[in-house]
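Colleague: Got a predicted model here, sequence first, then my questions.
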Amino acid sequence: MAMTMTQKILAKHAGLDAVTAGQLIEAQVDLTLANDITGPVAIREMEKAGFDKVFDRTKIALVMDHFAPNKDIKSAQQCLECREFAKKYDIVNFYDVGEMGVEHALLPEKGLTAPGELIIGADSHTCTYGALGAFSTGVGSTDLAAGMATGKAWFKVPSAIKFVLKGKKAPWISGKDVILHIIGKIGVDGALYKSMEFTGEGVAELSMDDRFTICNMAIEAGAKNGIFPVDDKTMEYIKDRVHRAVTVFEADADAVYDETYEIDLSTLRPTVACPHLPENTKTIDELDHIEIQQSVIGSCTNGRIEDMRIAASILKGRHVAPGVRTIVIPATQEVYLQCIEEGLAKIFIQAGAIVSTPTCGPCLGGHMGILAQNERSISTTNRNFVGRMGHITSEIYLASPAVAAASAVMGYICAPEDVK
Amino acid sequence: MIVKGSVFKYGDNVDTDVIIPARYLNIADPAELATHAMEDIDTEFVKKVQPGDIIVANRNFGCGSSREHAPLVLKENKVSCVIAASFARIFYRNAINIGLPILECEAAANGIEAGDEVSVDFDTGVITNVTKGETYQAAAFPPFIQSIIHAGGLLKSLKERGE
């Protein structure tokens, strides 16, 4: 029976020759991840159930990123709980302030995720690592507790939707526009329980950062995972980061897909998701005059170096509009340092933006940029649900770093080419 | 087992950010956390909910964040069951793993209205709308998932297996 790329990775990790969609399997995991929000719940559940050891102290990642640097006493207590757990079990990959970054930018950068691997994380955006040709998916804290204790997780083998990418990227088009376009097309449950497999000649057009952004938001279409084939760009990315043997999987040529969509990268326009669902997309040309009070550039979706470079290319020599609080958050210490070394940090600050230490912060309404009543933000983050970034009457428009930077300059949501 | 309660009805795509807003995720005590359940979509929920009450929603209930706090605050408010036309997959796993009963049933989601008295028979999957005198058949869980439910959650089932 022909298998998709995802099914092959699952079969391998379940010790089976083949799997079919709908089959329930138990698979070995290569890495588990939790953060300062989901970690404490997992730790408590694990210990309450009587587990007193972890399956492999080198294969557990704990990242203090959501409400860290600690935003208040309660958040500090949660980080402390994770810190003590990490110490007790001698967890190798514990990332605290000073080393931490936004988890889904940090793990690939540290070489903790690689092609062909199976990763579960107690965070829905764990699907990001599909960019590397891995199977990765978000789970809850109890699943994560079971994963930390036993090194295993159960899955229903997903069927898949194929996205054939073709053409050359139009100007200013990034991974964010590709995935927002797709979510607008199939809806927030368009890929429910399924894999989104990206393929076609257009894959080569996309940088690794584009691919991370695309897989990151697969969950916003309800998908179990998003996944890209492994190519030269993938191998180049992992070259100095991953120091272990990797297995590259490919979908069978005759693998069965529930649906196939063709996406022509050359015809895409910068795309924006309007409140209050990621599926409410419009191209930049279809939007009315929408004024903003905040622009957020960062997150696990768009806080990588290319995102910073694109934003800086627009902000260079310009100033943000009066009344637009512009918050730039490089996702990791490495990206932050690159921003300094490449002069991007200076560009941001001279443009009237602030540059924050890595944190998930405003994306989930934690800290570092909460919206007041009726305020509106353009944001490179991943969700625009009611109340996500602050007051329940506030509004979030999701877009690429180029659109977020352009909008910060103009004071209203606009196309990068319209910046004056 | 049969549960019975009054229905709170919601629409499509009820996300975990409205079930329990992230601004409360620094709260460790489940009872305190539960006082904020559903508050961004329905400020009346925690004031009115009674033990045994049932939530009925349309498509994609529990979408968004993987936070297990979402099914937890519903369980903590003694919601006896969530019925939806479909569930987001992480919420579905989380609910089963922590022992919050959920049932997927499009006919029930279409037929049941807010305030209806509904009873659910978990052994047969039959949902009865007492108010309207209608019944709906929910899909049965696969045996593997039933074993988790019967053990009282994922970790207990793993312990039973001697992991």
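Modeller: Now that the structure is in, tell me what you want to look at.
Colleague: now stretch B:108-115: mean pLDDT?
Modeller: Here stretch B:108-115 scores 98 as its mean pLDDT.
Colleague: Could you list the residues in contact with it?
Modeller: Contacts of stretch B:108-115 with the rest of the structure, by CB atoms under 8 Å, 6 or more residues apart in numbering or on different chains, involve B:6-9, B:56-59, B:83-85, B:118, B:127, B:129, B:131-132, B:134, B:136, B:138. Glycine gets a C-beta too; all of them are placed from N, C-alpha and C.
Colleague: all strands for the stretch 151-300 of chain A, in order.
Modeller: With DSSP state E, counting those that start in this stretch applied, the stretch 151-300 of chain A shows strands at A:152-156, A:160-166, A:195-199, A:225-227, A:259-264, A:271-273, A:281-283, A:294-298, listed in chain order.
Colleague: The fourth one pairs with which strands, parallel or anti?
Modeller: Sheet partners assigned to strand A:225-227 using DSSP bridges are listed as strand A:195-199 (parallel).
Colleague: Also the second one?
Modeller: As defined by DSSP bridges, the strand partners of strand A:160-166 come to strand A:195-199 (parallel), strand A:259-264 (parallel).
Colleague: deepest of those strands, which one?
Modeller: strand A:195-199 (a mean of 26; mean count of other CB atoms under 10 Å in any protein chain shown).
Colleague: Of the strands of the stretch 151-300 of chain A, which is nearest B:His150?
Modeller: strand A:152-156 (15.2 Å; CB to CB).
Colleague: Let's test this: mean pLDDT of that closest one, rounded?
Modeller: 96.
Colleague: Restricting to C-alpha, output that strand in CSV.
Modeller: Output of strand A:152-156 as CSV, limited to C-alpha atoms (Å, rounded to 0.1, in the frame of the first residue of the first chain):
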residue,chain,number,x,y,z
LYS,A,152,5.7,6.9,23.4
ALA,A,153,2.6,8.4,22.0
TRP,A,154,-0.6,7.1,20.4
PHE,A,155,-1.8,8.4,17.0
LYS,A,156,-4.5,7.9,14.6
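Colleague: Which members of the contacts of stretch B:108-115 additionally contact chain A?
Modeller: Restricting the contacts of stretch B:108-115 to those touching chain A (CB under 8 Å from any CB of the partner chain) yields B:Arg59.
Colleague: circling back: could I get the strands paired with strand A:160-166 as JSON lines with mean pLDDT and distance to A:Ala86?
Modeller: Shown next, in JSON lines, are the strands paired with strand A:160-166 (pLDDT from 0 to 100; distance: least, CB to CB, whole Å):
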{"stretch": "strand A:195-199", "mean pLDDT": "98", "distance to A:Ala86": "32"}
{"stretch": "strand A:259-264", "mean pLDDT": "98", "distance to A:Ala86": "42"}
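Colleague: Which of the contacts of stretch B:108-115 fall in strands?
Modeller: Among the contacts of stretch B:108-115, DSSP state E puts B:6-9, B:56-57, B:83-84, B:118, B:127, B:129, B:134, B:136 in strands.
Colleague: Mind putting those residues into CSV with distance to A:Ile43, pLDDT and neighbour count?
Modeller: Output for these, formatted as CSV (distance: CB to CB, whole Å; pLDDT from 0 to 100; neighbours: other CB atoms under 10 Å in any protein chain shown):
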residue, distance to A:Ile43, pLDDT, neighbour count
B:Ser6, 36, 98, 17
B:Val7, 36, 98, 21
B:Phe8, 32, 98, 21
B:Lys9, 36, 98, 17
B:Val56, 34, 98, 27
B:Ala57, 31, 98, 22
B:Ile83, 32, 98, 26
B:Ala84, 30, 98, 26
B:Val118, 37, 98, 26
B:Ile127, 37, 98, 25
B:Asn129, 42, 98, 19
B:Glu134, 45, 98, 15
B:Tyr136, 40, 98, 21
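Colleague: Of those, which is the nearest to chain A?
Modeller: Of all those, B:Ala84 has the smallest distance to chain A: 11.1 Å, by CB to the nearest CB.
Colleague: Now the phi/psi pair for the residue lying closest to that closest one once chain neighbours are set aside, please.
Modeller: Using CB to CB, 6 or more residues apart in numbering or on different chains and skipping residues adjacent in sequence, the residue nearest B:Ala84 is B:Phe61, 3.9 Å away. Main-chain dihedrals, B:Phe61, degrees, to the nearest 10: phi -70, psi 130.
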